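Peer 1: got a structure for you, letters missing:
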């Protein structure tokens with residue numbers, strides 16, 4: 001049973017890491033499912049921490065929600081208007097269907113198009129797009145760190 005949990009959990013954690021860069025896969029929640037498998041083992045064979053499990057749960061949910069908000073926040077912080085923020089969100093959503101770099105380019109392009117549509121000059125629009133781009137990158141890095149923490153928790157619990 002332990003070998004199956006190790007294999008299944010490892011596959012889910014690996015998929016979780018892929019999900020940090022592939023837009024269609026929610027990386028941290030998938031990795032969290034791998035960690036959840038630990039709780040299928042008989043209690044006598046593992047020593048797990050319920051507080052670590054709760055922390056992983058909160059982090060996985062939080063970073064997943066934050067990942068969609070950060071490009072919008074980046075647009076706002078870089079001086080973008082509401083139109084740029086809405087454009088960034090729409091670009092993120094459309095980017096989901098355009099492959100691995102779709103969300104990244106979608107957030108940038110959406111913010112730029114939104115700003116231009118609202119009558120902003122090119123410089124403001126590009127600055128807004130850059131903010132969305134940086135917000136997306138920060139979200140990606142955060143997902144990798146959270147997925148790494150979940151992987152660490154999984155392997156230290158198993159071994």
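Peer 2: Now that the structure is in, tell me what you want to look at. The model shown is predicted, which means the values in this text are computed figures rather than measured ones.

Peer 1: Would you mind finding the longest helix in this protein?
Peer 2: helix 122-158 (DSSP state H).

Peer 1: what's the spacing between the closest residue in space to residue 127 that isn't next to it in sequence and residue 111?
Peer 2: Taking CB to CB, 6 or more residues apart in numbering as the measure, residue 127 lies nearest to residue 78, with 5.1 Å between them; neighbours along the chain are not counted. For every residue, glycine as well, the C-beta is placed using N, CA and C. Counting by CB to CB, to the nearest Å, the gap from residue 78 to residue 111 is 9 Å.

Peer 1: Looking at the two, which is more packed in?
Peer 2: residue 111 (38 against 20; other CB atoms under 10 Å).

Peer 1: Please, which helix or strand holds that one?
Peer 2: Under the criterion of DSSP states H and E, residue 111 resides in helix 102-117.

Peer 1: That helix - contacts with which helices or strands?
Peer 2: helix 50-77, helix 82-95, helix 122-158 (3 or more CB pairs under 8 Å, 6 or more residues apart in numbering; DSSP states H and E).

Peer 1: now those as CSV including mean pLDDT, distance to residue 107 and mean neighbour count?
Peer 2: Formatted as CSV, these follow (pLDDT from 0 to 100; distance: least, CB to CB, whole Å; neighbours: other CB atoms under 10 Å):
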stretch, mean pLDDT, distance to residue 107, mean neighbour count
helix 50-77, 92, 4, 18
helix 82-95, 90, 5, 23
helix 122-158, 94, 4, 21
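
Peer 1: out of the ones you listed, which comes closest to residue 31?
Peer 2: Of all the helices and strands packed on helix 102-117, helix 122-158 sits nearest to residue 31, with 4.4 Å by CB to CB.

Peer 1: tell me how far the closest one is from the chain's mean position?
Peer 2: 6 Å (CA atoms, centre = their mean, to the nearest Å).

Peer 1: name the helices or strands packed onto that helix?
Peer 2: Partner elements for helix 122-158 (3+ CB pairs under 8 Å, 6+ apart): helix 2-19, helix 27-36, helix 50-77, helix 82-95, helix 102-117.

Peer 1: Indicate which one of those is closest to residue 42.
Peer 2: Of these, nearest to residue 42 by CB to CB is helix 2-19, at 9.1 Å.
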